[in-house]
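Enquirer: here are the coordinates; sequence isn't available:
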């Protein structure tokens, strides 16, 4: 069947009269071909996914890394917290208590954005005769605060490298607090620590002096995991 059945019949009849042996010509094939082509194109268009499905829009960039006001407040609260007594004989802990006590202390200690307490407390030596064993609450507090401080040193170096002024300002503020955190403030009374420890890091950070912070972090913080450890090296 064609779009012009009357015309096709008349042409075929005339052709037969003039060329008796000629097979009737099928006009349907020629008329239908363009129509089939149009249908095929329509089918392809119908089943093709939309272009934006194969070329999704670029993902929005992540928000800039900054130090939350709550984190700064947490650091300031530690400055006002009491100093633990290293001589407290009632401060002893069983080995099984270490993870729970560490988690409790870490909840009050600020970490650099994305960092957290990561020490394997259960994997520390169990025997109290082992010099590397941890057996008191104050020792746990010192290690938690120290490791958190290292995440801030690494974060400060990262912010310097990235040119992230907001992150750098937050890290600098926390580094000013760290020498005054409860278990670390003894460094303020130690002449050696004042020249190479956290008091020096605070002073260097405030001055924007990268070298002392990097030197200290390379010597003391590379083994402490954080998203910014690579900035130390």
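Expert: Good, I have the coordinates. This structure is a prediction, so every number in the text was calculated from the model and none was measured.
Enquirer: okay, now the unreliable bits of this protein?
Expert: Within the chain, the ranges that satisfy pLDDT under 70 run 1-62, 89.
Enquirer: so where's the longest helix in it?
Expert: Counting residues, the longest helix in the chain under DSSP state H turns out to be helix 137-162.
Enquirer: show me where this protein has helices.
Expert: Ranges of helices in the chain, per DSSP H, are 5-18, 27-47, 51-54, 69-79, 98-106, 137-162, 165-177, 191-196, 198-207, 210-220.
Enquirer: what's stretch 75-86 in contact with?
Expert: Contacts to stretch 75-86, defined as CB atoms under 8 Å, 6 or more residues apart in numbering, come from residues 91, 108-110, 137-138, 141, 145, 173-174, 177-178, 180-183, 185-186. All C-beta spots, glycine's among them, are computed from the backbone N, C-alpha and C.
Enquirer: residues touching the nearest residue to residue 72 once chain neighbours are set aside, list them.
Expert: Leaving out its chain neighbours, the residue that sits closest to residue 72 by CB to CB, 6 or more residues apart in numbering is residue 173, at 5.9 Å. By CB under 8 Å, 6+ apart, the contact set of residue 173 is 67, 72, 75.
Enquirer: ok, now how distant is residue 173 from residue 194?
Expert: Per CB to CB, to the nearest Å, residue 173 is found 20 Å from residue 194.
Enquirer: what does stretch 121-137 contact?
Expert: With contact meaning CB under 8 Å, 6+ apart, stretch 121-137 is reached by 84, 88, 91, 92, 93, 95, 98, 99, 101, 102, 140, 143.
Enquirer: what about it, start to end distance?
Expert: Start-to-end span of stretch 121-137 (CA to CA, to the nearest Å) is 12 Å.
Enquirer: how much space between the spatially most central residue of the chain and residue 216?
Expert: Residue closest to the average C-alpha location in the chain (CA atoms, centre = their mean): residue 114, at 6.5 Å. Between residue 114 and residue 216 the computed distance is 21 Å (CB to CB).
Enquirer: how is this structure partitioned into domains?
Expert: 5-54, 69-231 (automatic domain parsing).
Enquirer: in a markdown table, list those domains along with distance to residue 63.
Expert: A markdown table is the format used below for those (distance: least, CB to CB, whole Å):
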| stretch | distance to residue 63 |
| --- | --- |
| domain 5-54 | 25 |
| domain 69-231 | 11 |
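Enquirer: re earlier: just put the contacts of residue 173 in a markdown table and tack on distance to residue 229.
Expert: Listed next are the contacts of residue 173 as a markdown table, based on distance: CB to CB, whole Å:
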| residue | distance to residue 229 |
| --- | --- |
| 67 | 18 |
| 72 | 22 |
| 75 | 20 |
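Enquirer: okay if I get those as a markdown table plus distance to residue 158 and neighbour count?
Expert: Formatted as a markdown table, the contacts of residue 173 follow (distance: CB to CB, whole Å; neighbours: other CB atoms under 10 Å):
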| residue | distance to residue 158 | neighbour count |
| --- | --- | --- |
| 67 | 12 | 23 |
| 72 | 18 | 16 |
| 75 | 18 | 23 |
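Enquirer: near the closest residue to residue 154 other than its chain neighbours, how many other residues are there?
Expert: Excluding its sequence neighbours, the residue lying closest to residue 154 (CB to CB, 6+ apart) is residue 228, at 4.0 Å. For residue 228, the tally of surrounding residues (other CB atoms under 10 Å) stands at 28.
Enquirer: likewise for residue 222?
Expert: If we define neighbours as other CB under 10 Å, then residue 222 has 14 of them.
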